[in-house]
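Colleague: Attaching a predicted model along with its sequence, questions to come.
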Amino acid sequence: MFSATASPKVSIIMTTYNGGKYVFETIESIRNQTYKNWEVIVVDDGSADNTCDIINAVKDERIHLYKAGRIGINGTLKNIGLNMTSGELIAFIDHDDLWAPEKIEKQVAALQQYGEAGFSLTGGYNFRKQWEPSEYFYNQREGIRVDNVFTSFFRSELPGFTQALMLRKKCIDVTGPFNETKSFSDVDFILKLAYHFKAVILYEPLLFRRLHDTNYIHSNWEKGHHEGIEIIQSYKNRLNRNIYRDALFRSHINFGEKYISHNQSRKAIQHFLRAWENKIFSIVPFKKMMKAIIYFFR
């Protein structure tokens, strides 16, 4: 059981690289929060555009800019931010995403109400044009769940977005910081939280995740899929056998579909075969392989 403070300070970590096109909107979505006891630690990854000028032009003593130089490792940048925080609670936002005005207030209230929980995640949606949702994270858009959610991630019931996350700083004493050896360390970090602590899930859409052609995931999708499979494999001994195999099955199917979208049918078929190895009675991989073959000869 965690103790509650009346109005705990929230440290918000924002990592940025060449975010000049979007970063002002993101900062304003923080400054417009109904909850006011916060600080922002902006860790700039050696931006070559006007990102730092835009941040410095915002006159708010709660915003702190740290120029890290070009590092290019998500986990390292977030750990720099963690080491600079002074709040009891920690949240994260990317330089191109937005929050609903009540996002911080509602998560703080949830963690105060449920002292057994170590962290909270919110609902949200992806968008390309502001305020026009293209895909919601959950079909359910209201209500609260307080639970052990570790296996829910492997069932694809919860997305692993740190922009939706708020955690108690004390949890890091147990989980440790972000992994600095992988390009995509966010999911791994949230899984470590979920393994050790209960969560409060707020299904209400409070995070608005911007999609655009320069998203890091788009240019590094292969590495992201490979690391996702490695993360699942690293938890093999902590998962029920069926959950483990189902998670690998879905990952290989999704990886294969991505290869099809990039006109790489041979690699797609390889992953559909690996999916079949995990569910040998499923006909889905064979249907997917036929799809890949059709794309190859069209």
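Modeller: Done, it's in.
Colleague: before we move on, which element is the closest residue to residue 240 other than its chain neighbours in?
Modeller: Closest residue in space to residue 240, ignoring its immediate chain neighbours: residue 151 at 7.3 Å, by CB to CB, 6 or more residues apart in numbering. Heads up, the C-betas are built off the backbone N, CA and C, glycines and all. Per DSSP states H and E, residue 151 falls inside helix 150-154.
Colleague: Which element is encountered next along the chain beyond that helix?
Modeller: Following helix 150-154 toward the C-terminus (DSSP H and E): strand 165-168.
Colleague: Give me the sheet partners of that next one and which way each runs.
Modeller: Using DSSP bridges, the strands paired with strand 165-168 are strand 89-94 (antiparallel), strand 117-127 (antiparallel).
Colleague: what sits up against the first one?
Modeller: Outside of strand 89-94, the residues that reach it under the criterion CB atoms under 8 Å, 6 or more residues apart in numbering are 8-16, 26, 30, 78, 82, 99, 104, 107-108, 111, 162-163, 165-169, 172, 209.
Colleague: Check stretch 76-88 too.
Modeller: Outside stretch 76-88, the residues within contact range by CB under 8 Å, 6+ apart are 5, 8-11, 13-15, 38-39, 41, 43, 45, 64, 66, 68, 71, 90, 92, 162, 168-169, 172, 177-178, 180, 185, 189.
Colleague: Using CSV, please lay out the strands paired with strand 165-168 together with mean neighbour count and mean pLDDT.
Modeller: CSV is the format used below for the strands paired with strand 165-168 (neighbours: other CB atoms under 10 Å; pLDDT from 0 to 100):
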stretch, mean neighbour count, mean pLDDT
strand 89-94, 24, 98
strand 117-127, 23, 98
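Colleague: For residue 56, find the nearest of those strands.
Modeller: Closest to residue 56 of the strands paired with strand 165-168, according to CB to CB: strand 89-94, at 18.3 Å.
Colleague: Packing partners of the helix or strand that comes right after the closest one?
Modeller: Next along the chain after strand 89-94, taking DSSP H and E as the criterion, comes strand 98-99. Packed against strand 98-99, as judged by 3 or more CB pairs under 8 Å, 6 or more residues apart in numbering; DSSP states H and E, are the following elements: helix 23-31, strand 198-210.
Colleague: pLDDT on strand 98-99, on average?
Modeller: In this model, strand 98-99 carries a mean pLDDT of 98.
Colleague: Show me this protein divided up by domain.
Modeller: 10-210, 240-297 (automatic domain parsing).
Colleague: Tell me which of the ones you listed is the most buried.
Modeller: Ranked by mean neighbour count, those are led by domain 10-210 with a mean of 18 (mean count of other CB atoms under 10 Å).
Colleague: what stretches of the stretch 151-298 of the chain score poorly on pLDDT?
Modeller: In the predicted model of the stretch 151-298 of the chain, residues 215-219 satisfy pLDDT under 70.
Colleague: Stretch 220-234: which residues count as buried?
Modeller: Residues of stretch 220-234 classed as buried: 221, 224-225, 227-229, 231-232 (neighbour count, 16 or more other CB atoms under 10 Å).
Colleague: which of the residues you listed lies closest to residue 117?
Modeller: residue 231 (22.8 Å).
Colleague: Tell me the spacing between the nearest residue to that closest one once chain neighbours are set aside and residue 194.
Modeller: In space, residue 231 comes closest to residue 188 once its chain neighbours are excluded; the distance is 5.5 Å by CB to CB, 6+ apart. Noted for residue 188: a distance of 11 Å to residue 194, by CB to CB, to the nearest Å.
Colleague: same check, this time on residue 272
Modeller: For residue 272, the distance to residue 194 - CB to CB - is 29 Å.
Colleague: SS state for the residue nearest to residue 70 when sequence neighbours are not counted?
Modeller: Once flanking residues are discounted, residue 70 sits nearest to residue 46: 3.2 Å by CB to CB, 6+ apart. What DSSP: H, G, I helix; E, B strand; the rest coil gives for residue 46 is coil.
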